[in-house]
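> one predicted model, sequence on top.
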Amino acid sequence: MNPLHHELKHLYEKVKQDTLIKNNEEDYWRLSYHVMPPIGWLNDPNGVMQYDGVYHLYYQYSPYNANGGLKYWGHQSSKDLVHFKDHGIVLYPDQPYDLHGVYSGTAFVEDGKVHYFYTGNVKHLGEHDYITSGREQNTIYAISHDGGFTIEKVACVLHASDYPKEFSQHIRDPKVFKHAGIYYMLLGARDLNSQGQVIVYKSKDLIEWNYHGVFAGPIDGLGYMWECPDYFEINDTALLIISPQGVESEGYACQNIYQAGYLLGEFDDSKITFIAESQFIELDRGFDFYAPQTFVDRKGRRILWGWMGLPDESGVITNPTVEKGWQHAMTLPRELTVENGQLKQRPLPEYKMLRHDYFTDTLQLNGQYQHEQLRGDVFELIISIDHLEADLEISLRQDTVLYYDQQDELLHLKHGKSGYGRDQRTIELAELHQLQIFSDRSSLEVFVNDGDYVLTTRVYPDQGQDNITINGSARVTIKKWVLKSLTS
Ligand code: FRU
């Protein structure tokens, strides 16, 4: 290992231990079964893959500044997708081509090696964010020979100055796939008319890359920049995931500052293009979800992680954990399937291993229901609903409410004080059959009707606020488990 990196790894471990000891006991919002940064700031999932049975999750990481800053890649690994081990920093911004940030990228496994492609960010003096100047975003190739634990940079394979002239300096977040023996690299891009697109390069050897053309876009109304493209097929259905910036909200949709979602379409393998055949569909309808990335594991499952957060609106700190020296986390990993032409997202069954203290009740609900065993902060709760005769309201985590308005066919997620200034998100829903709620110390993930929708949000209740109340008129079956904490 590079001696400087050795020193830096040592320093990281020391700062981490000191911070954790200092904050121990007084950091109630530290998550107990989600991947989170041990210290500092985390954003996008990066390089997700499985090698030799071990799952690897890297992420955009600013370890020494909870408000973000210079980006490294952090690294955690797991044998079961539930228990994760922190390996600290794995990629440093230490070359002329990535000096101001080892930005997002992806990985794939081939010939016993892990191949990574990521964006090297370089800021020029002055304003860094003009669309035609101010920064370089280069594409870097890196390899791991030990299954993902150490990564060596191989080469800067695309310099920003070689990007196509009809595009701005905003070209980033490579994703490589192989088709008919050729490698194709997708990159998220902003064109000179400030419209988002995905462009594609091709290569025979992963080193020499040639511009092939536009893979997808632009699409009117779908933003000025498309970040983090991910293309794949599930059961012959082609999906393109993108994180567009600059999409106007419409009705209840696209309410966050930036969106993350997908287009269903057709892959034209003669031209290597993606023809969108659906509207843009958001992957998550809560407050905190962005820049997701997928991979296929050895069982053949398409698994997605998202950043359980969003870029801040200029300078507003949206997360009170900053005072404790950390910010943001990953969502639970989700399995993606396509059923009857529709994408479903379900929590991985592996998380059942955390369940204990089971409580169940089946009843004709008529008014307000509470139960001594229906309390908690770290839990999974499944409510199955039959014969709904009125609105249904579930209050939890101090003052967060899930409210189904039967007449208007709307499901609301409403925050109170513990939502830290957030108000509500809403989905149009003709029928409500099931809510599966994962609650952690400072997060909620709500899977609606067995994976048709997901609403993810961070929440900051006071410690000890563990009431759960269900109110309505319906036949319901409640199943609740306390989830084992992995951190204490
Ligand atoms: C998405 C993103 C990516 C970029 C990275 C930088 O959140 O803006 O486009 O590579 O974050 O941290």
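Noted; the coordinates are in hand.
> against residue 190, how distant is residue 227?
If you measure residue 227 against residue 190 using C-beta to C-beta, to the nearest Å, the figure is 9 Å. For glycine as for every other residue, the C-beta is placed from the backbone atoms N, C-alpha and C.
> stretch 286-294 near the ligand anywhere?
Yes - under the criterion of C-beta under 6 Å from any ligand atom, the ligand is reached by stretch 286-294 at 290-291.
> give me the distance from that stretch to the chain's centre.
Distance, stretch centre to chain centre, for stretch 286-294: 4 Å (C-alpha atoms, centre = their mean, to the nearest Å).
> name the helix or strand for residue 7, please.
Using DSSP states H and E, residue 7 sits within helix 3-23.
> go through that helix and flag the buried ones.
Neighbour counts over helix 3-23 (16 or more other C-beta atoms under 10 Å) mark 8-9, 12, 15-16, 19-20, 23 as buried.
> could you do stretch 326-343 as well?
Across stretch 326-343, burial judged by 16+ other C-beta under 10 Å covers 326-336, 338, 343.
> between these, which is closest to the ligand?
Each of those was checked against the ligand using C-beta to the nearest ligand atom; the closest is residue 328, at 10.6 Å.
> quick one: that closest one and residue 36 touch, right?
Yes - taking contacts as C-beta atoms under 8 Å, residue 328 lies within contact range of residue 36: 7.4 Å.
> what is in contact with these two at once?
Common contact partners of residue 328 and residue 36 (C-beta atoms under 8 Å, 6 or more residues apart in numbering): residue 42.
> dump stretch 328-345 to CSV, restricted to CA.
Backbone C-alpha positions of stretch 328-345 (Å, rounded to 0.1, in the frame of the first residue of the first chain) are rendered in CSV as follows:
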residue,chain,number,x,y,z
HIS,A,328,-27.0,10.6,5.9
ALA,A,329,-27.2,6.8,5.4
MET,A,330,-28.0,4.1,2.9
THR,A,331,-31.6,2.8,2.4
LEU,A,332,-32.1,-0.9,3.1
PRO,A,333,-31.1,-2.9,0.1
ARG,A,334,-34.2,-3.7,-2.0
GLU,A,335,-34.9,-6.5,-4.5
LEU,A,336,-36.3,-5.3,-7.9
THR,A,337,-38.6,-7.5,-9.9
VAL,A,338,-41.0,-6.8,-12.8
GLU,A,339,-44.4,-8.4,-12.4
ASN,A,340,-47.2,-7.8,-15.0
GLY,A,341,-45.1,-5.1,-16.6
GLN,A,342,-44.7,-3.2,-13.3
LEU,A,343,-41.6,-2.7,-11.2
LYS,A,344,-41.8,-4.0,-7.6
GLN,A,345,-39.4,-3.2,-4.9
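> what average pLDDT does it get?
The pLDDT scores in stretch 328-345 average 97.
> please name the nearest non-neighbouring residue to the residue of the stretch 151-300 of the chain found nearest the ligand.
As assessed by C-beta to the nearest ligand atom, the ligand sits closest to residue 227 within the stretch 151-300 of the chain, at 3.7 Å. Using C-beta to C-beta, 6 or more residues apart in numbering and skipping residues adjacent in sequence, the residue nearest residue 227 is residue 243, 4.2 Å away.
> report how many residues lie close to that neighbour.
30 (other C-beta atoms under 10 Å).
> residues contacting the helix or strand harbouring it, please?
Residue 243 belongs to strand 237-245 when assigned by DSSP H and E. The contact list for strand 237-245 (C-beta under 8 Å, 6+ apart) reads 188, 196, 198, 216, 222-233, 258-267, 274, 276, 280, 283, 290-292, 294, 338, 341, 343.
> what's the answer for stretch 52-59, then?
Here stretch 52-59 makes contact (C-beta under 8 Å, 6+ apart) with 35, 37, 42-50, 73-79, 81, 84, 90-91, 107, 114, 147-148, 297-298, 305, 307, 330.
> looking at these, which are in strands?
Per DSSP state E, strands hold the following members of the contacts of stretch 52-59: 42-50, 73-78, 84, 90-91, 107, 114, 305, 307.
> ok, the residue of the stretch 151-300 of the chain closest to the ligand - contacts?
Counting by C-beta under 8 Å, 6+ apart, residue 227 makes contact with 104, 172-173, 188, 242-245, 258, 291.
> repeat that for residue 83.
Contact analysis of residue 83 by C-beta under 8 Å, 6+ apart lists residue 486.
> get me the contact residues on the stretch 151-300 of the chain for the ligand.
When proximity is defined as C-beta under 6 Å from any ligand atom, the stretch 151-300 of the chain approaches the ligand at 172-173, 227-228, 290-291.
> sorry, back to before: quick one: contacts of the helix or strand following the strand holding residue 243?
Once the chain leaves strand 237-245, the next helix or strand it forms, by DSSP H and E, is strand 261-268. For strand 261-268, the external contacting residues (C-beta under 8 Å, 6+ apart) are 216, 231, 233, 237-242, 244, 273-283, 341, 343.
> switch the cut-off to 6 Å
Applying C-beta atoms under 6 Å, 6 or more residues apart in numbering, the contact partners of strand 261-268 are 238-241, 274-278, 280-283.
> got the residues you listed as CSV, with pLDDT columns?
Conversion of the contacts of strand 261-268 to CSV gives the following (pLDDT from 0 to 100):
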residue, pLDDT
238, 97
239, 98
240, 98
241, 98
274, 98
275, 97
276, 97
277, 97
278, 97
280, 98
281, 98
282, 98
283, 98
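> and these as TSV, adding neighbour count?
Below are those laid out as TSV (neighbours: other C-beta atoms under 10 Å):
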residue	neighbour count
238	18
239	22
240	25
241	23
274	23
275	13
276	17
277	11
278	13
280	20
281	14
282	19
283	23
